[in-house]
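A.B. asks: Take a look and give me a structure for this.
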Amino acid sequence: MSDRVALVVGASGIVGQNLASLLVEQGWQVLGLARNPLPQPGVMPIPADLQQFDSLKEALAGQKPTHVFLSTWLRQPTEVENIRVNGGMVRNLLEAVAPAGSVEHVALVTGLKHYLGPFENYGKGTLPQTPFREEQGRLPVENFYYAQEDEVFAAAQRDGFTWSVHRPHTIIGYALGNAMNMGVTLAVYASLCKEAGTPMIFPGSSAQWHGLSDMTDARILAKHLLWAATTDAAKNQDFNIVNGDVFRWSWMWERLASFFGVEAAPFTGQGIPLEEQLANSAPRWKAIAEKYGLQESDITRLVSAWHTDADLGRPIEVVADMSKSRRLGFLDFQPTDDSFFDLFTRLREDHIIP
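C.D. replies: Predicted structure coming up:
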């Protein structure tokens, strides 16, 4: 399989790291593009900024990727800016690799904001019924996910490669310094509660506490990306990708608290956002890091409270249907509680949490 060369864009992120590891295991040549690539066994780092076309083209000169995996974005203050910046980054990347004429397939990772709307209109207005299905299409609102898709579709028509779009729910997996990482955020929060002897207070809405939910393990997303890139029936298709189980946070919250030996506070009908609960917690985390010899004493490098609050504060039940992938042969499954426990165990082993 050494003739397959993967360009993983966003290689330092939660998706990119897990995907790159899987591809290396499968014998692929792997190029890892990021602004600040992390060292990873078997991955050739390519430092580049997707917003700077000339330097991006120079960084990719001489490279001949057969498969491109796009799993990065930059949050902007408005959706108009999100569209301009994130659509532009996809366009720059695909124009930069076009001269090599080597690309056979491009996979784009977006998410369930395809169905829920962008941050400015998140969970508002008329939304599709759950579970979300791919045939429900786009919402009549501006959304940078749609702009990214359109850039991929246009380049595919121009350059003749196939494509796939992957829509995970909240992603859980190992990555540090990531802008959207519920798993590490909750691990840090639980560790703070453990040290202080206080209960874990659910930060979200009644709808999320009582309703059904699902999540996406970064490892199963990596398998899905590999499957779609190498399966003819999956080419030129859009897919939801979740673990395959469903749960209620009223059940999951107890299990997470139990892992850390912390009490789960009774739910009173409305949670307290993590941004509020973790306000001014930086000194406390620094003291914990020093006490236990942890690798990262800067809590801002670990916690994305705003994103966890957005996910857990949604006013509607959110689950995604996996029938399309199942019918085409993707049958992998991942229990979500094990996703959390695997992550927490690794964070302890790597001395990220006590």
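A.B. asks: mind listing the helices for the stretch 151-300 of the chain?
C.D. replies: Here the stretch 151-300 of the chain has its helices, by DSSP state H, counting those that start in this stretch, at 182-196, 206-210, 218-230, 249-259, 274-277, 282-292.
A.B. asks: looking at these, which is closest to L343?
C.D. replies: Minimum separation from L343 across those (C-beta to C-beta) falls at helix 182-196, 4.6 Å. (Each C-beta comes from the backbone N, C-alpha and C, glycine too.)
A.B. asks: quick check: mean pLDDT across the closest one?
C.D. replies: The average pLDDT within helix 182-196 is 97.
A.B. asks: Stretch 111-128 now?
C.D. replies: pLDDT averaged over stretch 111-128 gives 83.
A.B. asks: so how far is that stretch off the chain centroid?
C.D. replies: Here the centre of stretch 111-128 is set off from its chain's centre by 17 Å, with C-alpha atoms, centre = their mean, to the nearest Å.
A.B. asks: Show me what that stretch is in contact with.
C.D. replies: Applying C-beta atoms under 8 Å, 6 or more residues apart in numbering, the contact partners of stretch 111-128 are 78-79, 82, 132, 136, 138-139, 141-146, 167-169, 171, 240, 310, 314-316, 318, 320.
A.B. asks: can you do 7 Å?
C.D. replies: For stretch 111-128, contacts defined as C-beta atoms under 7 Å, 6 or more residues apart in numbering pick out 78-79, 82, 132, 136, 139, 141-145, 167-169, 310, 314-316, 318, 320.
A.B. asks: Any buried residues in that stretch, and which?
C.D. replies: Under the neighbour-count criterion of 16 or more other C-beta atoms under 10 Å, stretch 111-128 has G111, L112, K113, H114, Y115, L116, G117, P118, F119, N121, G123, L127 buried.
A.B. asks: Equivalent analysis for stretch 172-189, please.
C.D. replies: 172-178, 180-189.
A.B. asks: just stretch 28-36 next, same as before
C.D. replies: By 16+ other C-beta under 10 Å, the buried positions in stretch 28-36 come out as W28, Q29, V30, L31, G32, L33, A34.
A.B. asks: Dihedrals phi and psi, the first one?
C.D. replies: Comment: the main-chain dihedrals of W28 come out as phi -80, psi 150, following degrees, to the nearest 10.
A.B. asks: For it, give me the pLDDT.
C.D. replies: W28 is given a pLDDT of 97.
A.B. asks: Check the last one too.
C.D. replies: Confidence per residue is given as pLDDT, and for A34 that number is 95.
A.B. asks: again with N178
C.D. replies: 69.
A.B. asks: Relative to A61, which of the helices of the stretch 151-300 of the chain is closest?
C.D. replies: Taking C-beta to C-beta, helix 218-230 is the member of the helices of the stretch 151-300 of the chain nearest to A61, at 23.8 Å.
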